[in-house]
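*Asks:* Structure here, sequence nowhere to be found:
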């Protein structure tokens, strides 16, 4: 039985600390965008328009499909949503 403790799930499942850090940043950005969508009461279609994305892409984001998004793409969505 492995009793190793991790500070985050990403630390446990990623191969390197750099990969874990990258996933932590992506997760945080996705959560922030999802929180904005919920706070504004946007439908996925409305969110897609406001984020410069497609509705299926917003669906992937709200379902936490972290592996499908780069930090750059998420930052672009955040910047678009601020306008």
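*Replies:* Yep, that arrived. This one's a predicted model, so the numbers in the text were calculated from it and none came from an experiment.
*Asks:* CA atoms for contacts and neighbours, from now on please.
*Replies:* OK.
*Asks:* what does stretch 32-45 rub up against?
*Replies:* The contact list for stretch 32-45 (C-alpha atoms under 8 Å, 6 or more residues apart in numbering) reads 47, 54, 55, 58, 59, 61, 62, 77, 78.
*Asks:* Would you mark the buried spots in it?
*Replies:* By 16 or more other C-alpha atoms under 10 Å, the buried positions in stretch 32-45 come out as 33, 34, 36, 37, 44.
*Asks:* Tabulate the residues you listed (TSV), appending distance to residue 68 and pLDDT.
*Replies:* Shown next, in TSV, are the buried residues of stretch 32-45 (distance: C-alpha to C-alpha, whole Å; pLDDT from 0 to 100):
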residue	distance to residue 68	pLDDT
33	15	95
34	15	96
36	19	93
37	19	95
44	17	96
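*Asks:* between the contacts of stretch 32-45, which is nearest residue 24?
*Replies:* Among the contacts of stretch 32-45, residue 61 lies closest to residue 24 (C-alpha to C-alpha), at 14.5 Å.
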